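[1] this one's sequence-less:
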């Protein structure tokens, strides 16, 4: 059955563009698993639900497919892609390699204003943990990592990360049902190393933080098996 979940009608014109707004709304729904893996999507149905024409929906579908969120097959249904464990591990590797370096650079260069900005994000995260607001926590988690890249003068690095982390994002969102406090405490340790101006320690803490997913993914897969691609040696592969 084609699903569009609780998509909100978008009111053009304005900024961002209609295509950007459609992309953002579908991205939000897929990340939050309101549109879970395997959901079939129709340009016509999504356009009607959002109150837009088909062209911005088509553009959004293409962008989401490039991120790995949608599988588009000509003459067949477009579906929300399953989570690939292999892609999750690849994204973890890319992030660990890049962010160890970006946090090192940031630790060496950060001004007091830069550090205060990160600490403000952490205070907002503390509140999100207390409120059990997983969507807000995830948004703030991304902001924390992005600010380290951008304020250290390496905003391009975040662009590379963002293009490769779609599968990892959905696993991270699922992990927040049991691991948001641990993720927050990881951030505090990264921040403590930054504040102490210890770049090598900051790198180690960042690598440790990003490696948590390796121990979490088996539990997440066991609890949400239908969301994942079969493992290579699985009967259904």
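    Looks like it arrived, so ask away. Bear in mind that the values here come from a model prediction, so they are computed numbers and not experimental data. Residues are numbered from 1 along each chain as shown.
[2] please enumerate the strands of this structure.
    Under the criterion DSSP state E, strands of the chain are mapped to 40-41, 70-71, 78-80.
[3] would you format those strands as CSV with mean pLDDT and distance to residue 113 included?
    Bear in mind the C-beta positions are built from the backbone N, C-alpha and C, glycine included. Shown next, in CSV, are the strands of the chain (pLDDT from 0 to 100; distance: least, C-beta to C-beta, whole Å):
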stretch, mean pLDDT, distance to residue 113
strand 40-41, 95, 43
strand 70-71, 94, 39
strand 78-80, 95, 40
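[4] in CSV: those, plus mean neighbour count and distance to residue 90.
    Listed next are those as CSV, based on neighbours: other C-beta atoms under 10 Å; distance: least, C-beta to C-beta, whole Å:
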stretch, mean neighbour count, distance to residue 90
strand 40-41, 18, 25
strand 70-71, 19, 18
strand 78-80, 20, 20
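[5] can you lay out those as CSV showing distance to residue 135?
    Formatted as CSV, those follow (distance: least, C-beta to C-beta, whole Å):
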stretch, distance to residue 135
strand 40-41, 21
strand 70-71, 20
strand 78-80, 17
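[6] quick check: domain ranges of the protein?
    18-80, 85-224 (automatic domain parsing).
[7] could you dump the ones you listed into JSON lines with distance to residue 231 added?
    Shown next, in JSON lines, are these (distance: least, C-beta to C-beta, whole Å):
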{"stretch": "domain 18-80", "distance to residue 231": "15"}
{"stretch": "domain 85-224", "distance to residue 231": "7"}
